[in-house]
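J.: Structure for the following, please:
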Amino acid sequence: MTTDWVAEERRVADGRRLGEHNHPPARRAPAPPPLSEAEISEAEAELGITFPDQYREYLLRQSAGGAVNRLCRSAAGWGWSGDSLTNYDLLTTDFPHPDSYRAYEAELDAREPRERDFPDRDAYQAAWDQWDSEFGVLQERKTSGAVVLQENGCGFSTLLVVTGPHRGSLWFDARATCDKILPLNLNGRPVSFMDWLARGSMNLLTW
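T.: Okay, here's the model as predicted:
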């Protein structure tokens, strides 16, 4: 069966839950208090994930926000305040290492529709819309199983993987300029959440 990629892109995009949670917090707002064990467990159950140990400890002992997007409960349920990028519907799907989709992405690039290959403009536009939406779905799925800890401006963001074999690792979404999602490293080793919290993501990025 042929996939309707335009409809699939709309469906996948709905996972961002744009609305109440993506309103940014007030500037210079004090860091919110830690969450209780009951609140964290409730959030995990609702979101269908288990937070990595260091992030969970941060929520429990230090703050539900501060340097990171605030985890809170609203009328919409549990989510991250100020975050317009995390796809909640994909949180339970394993985060894909970039090597896993390189071949598909190259194949998709190679079959971008060309107007000269179609009998008329309408046929070309319909094919291009399907191709563009398939590309959009791939881009959305690249951050499956990851939470946006912090939006860094200019289209950049820092990701915490919460699902799959890379769970607990931090990545930098640099697609705005280099079209890559890159692992954060410190002296050649993967960065932990506490490393990142202490030093800041931009000082740790190497590739």
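
J.: When you work out contacts or count neighbours from here on, use the C-alpha atoms and nothing else.
T.: Noted.

J.: buried ones in the helix ranked longest in the chain?
T.: Assignment by DSSP state H gives helix 121-141 as the longest helix of the chain. Judged by neighbour count (16 or more other CA atoms under 10 Å), helix 121-141 contains these buried residues: 124, 127-128, 130-138, 140-141.

J.: likewise stretch 63-74?
T.: Under the neighbour-count criterion of 16+ other CA under 10 Å, stretch 63-74 has 63-65, 68-72 buried.

J.: Mark which of those residues are part of helices, please.
T.: Counting by DSSP H, the buried residues of stretch 63-74 contribute nothing to helices.

J.: so which two of those residues are the farthest from each other?
T.: Spatial extent of the buried residues of stretch 63-74 (CA to CA) is set by the pair 68 and 72 at 11.9 Å.

J.: Let's see which of the buried residues of stretch 63-74 end up in strands.
T.: Cross-referencing the buried residues of stretch 63-74 with the strands (criterion: DSSP state E) gives 70-72 as the overlap.

J.: picking up where we left off before, between the buried residues of helix 121-141, which is closest to residue 47?
T.: Within the buried residues of helix 121-141, proximity to residue 47 (CA to CA) peaks at residue 141, which comes in at 17.2 Å.

J.: doesn't residue 90 make contact with the closest one?
T.: Yes. At 7.4 Å, residue 141 and residue 90 qualify as touching, with contact defined as CA atoms under 8 Å.

J.: got any ranges where this protein has weak pLDDT?
T.: Filtered on pLDDT under 70, the chain yields the residue ranges 18-29, 200-207.

J.: Which parts of it are strands?
T.: For the chain, the strands identified by DSSP E occupy 70-74, 77-81, 146-153, 156-161, 170-173, 181-183, 185-186, 189-190, in order along the chain.

J.: of those, which approaches residue 199 most closely?
T.: For the strands of the chain, the distance to residue 199 is smallest for strand 185-186, at 10.0 Å, taking CA to CA.

J.: to the chain's geometric centre, what's the distance from the closest one?
T.: 20 Å (CA atoms, centre = their mean, to the nearest Å).

J.: Show me the strands paired with that strand, marking each as parallel or antiparallel.
T.: strand 189-190 (antiparallel) (DSSP bridges).

J.: Touching the strand it pairs with from outside, list them.
T.: Contacts made with strand 189-190 from outside it, assessed by CA atoms under 8 Å, 6 or more residues apart in numbering, are listed as 169-170, 183-184.

J.: same thing with stretch 112-131?
T.: So stretch 112-131 is in contact with 4-6, 108, going by CA under 8 Å, 6+ apart.

J.: This completes my enquiry, with thanks.
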